[in-house]
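Q: make a model of this:
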Amino acid sequence: MSSLVPRFPLRMRNTEILTVAYRTEPDAIAQFLPPQLESLAPRVIVHLYRMHDAEWFGAYGESAVHLPVRHAASGTEGAYSPLLFVESDGAVAAGREIYGQPKKGGEIELGPVGDLLVGRLRRNGIDVVTATMPYKQQASSTDELDELGFRTNINVKEIHSVDGGVARQLTAREFDDVVVHEVWRGPGTVELRPNAQAPVHLLPVLEVETAFHWRVDFTLTYGRVLEELR
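A: So this is what the prediction gives:
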């Protein structure tokens, strides 16, 4: 039987990403966080990816919603993932079974429309997220991108066993061998549409802070356990 979950490491080449950060209500963030994590800012970071050349999985789209957090017990700061959507069944399985990411199926579009970069996340035939920014008009840097603080990804991993037991962990991971080819920055927009299976709308947009368009190569490796949960 061919496994959906490969062994790491895996190299992801020519990954194109639209990243938009916006301010939201602190109470909205609180409803998504486990008690072990504390919010660092009332900020939501939405990524829309096109994986143009991913080992094992081919080419596919992905969208991640990140919340800046701190795990006080370990002192780890990073971005917690409450919502993730992927076009690849193998990537869904690997993300859930290895990292504990809450991946679901979704359709992602990313590309220029004239002088505008447009990214869309669709689930159940509904445009859940539509994000835009000017297309490559203001060059930026990895230093500016890193200010958003999402290099460490934190997840709650929950695996059910055949006898009804549940193993729960708070996990963290980073990418290895990161090569950023280009970074562009500009004003952005985010439009959210309600969907009970993709409830990004529960993190309402109060003000868009910034947007980045960037292209990167990186390697997926195993992560670490921050805390065993009961």
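Q: for the spatially closest residue to Gln169 that is not a sequence neighbour, pull up the helix or strand it's in.
A: Distances taken as CB to CB, 6 or more residues apart in numbering place Lys157 nearest to Gln169, at 4.6 Å, with adjacent residues excluded. Where you see a C-beta, it was placed from the backbone N, CA and C, and this is true even at glycine. Per DSSP states H and E, Lys157 falls inside strand 153-160.
Q: what does Val179 give?
A: strand 176-186.
Q: show residues contacting that strand.
A: 9, 11, 14, 133-134, 136-142, 144-145, 210-219, 221 (CB atoms under 8 Å, 6 or more residues apart in numbering).
Q: tell me which of those residues fall in helices.
A: Members of the contacts of strand 176-186 lying in helices (criterion: DSSP state H): Thr142, Glu144, Leu145.
Q: out of those, which are buried?
A: Buried by 16 or more other CB atoms under 10 Å: Leu145, out of those.
Q: out of the ones in helices among the contacts of strand 176-186, the closest to Glu228 would be?
A: Using CB to CB, Leu145 is the member of the ones in helices among the contacts of strand 176-186 that lies nearest Glu228, at 32.6 Å.
Q: list the contacts of the nearest residue to Asp89 once chain neighbours are set aside.
A: Spatially, and ignoring its direct neighbours in sequence, Asp89 is nearest to Leu4 (6.3 Å; CB to CB, 6+ apart). By CB under 8 Å, 6+ apart, the residues touching Leu4 are Asp89, Gly90, Ala93, Ala94.
Q: the ones in helices among the contacts of strand 176-186 into CSV, with extra columns for pLDDT?
A: Formatted as CSV, these follow (pLDDT from 0 to 100):
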residue, pLDDT
Thr142, 97
Glu144, 98
Leu145, 97
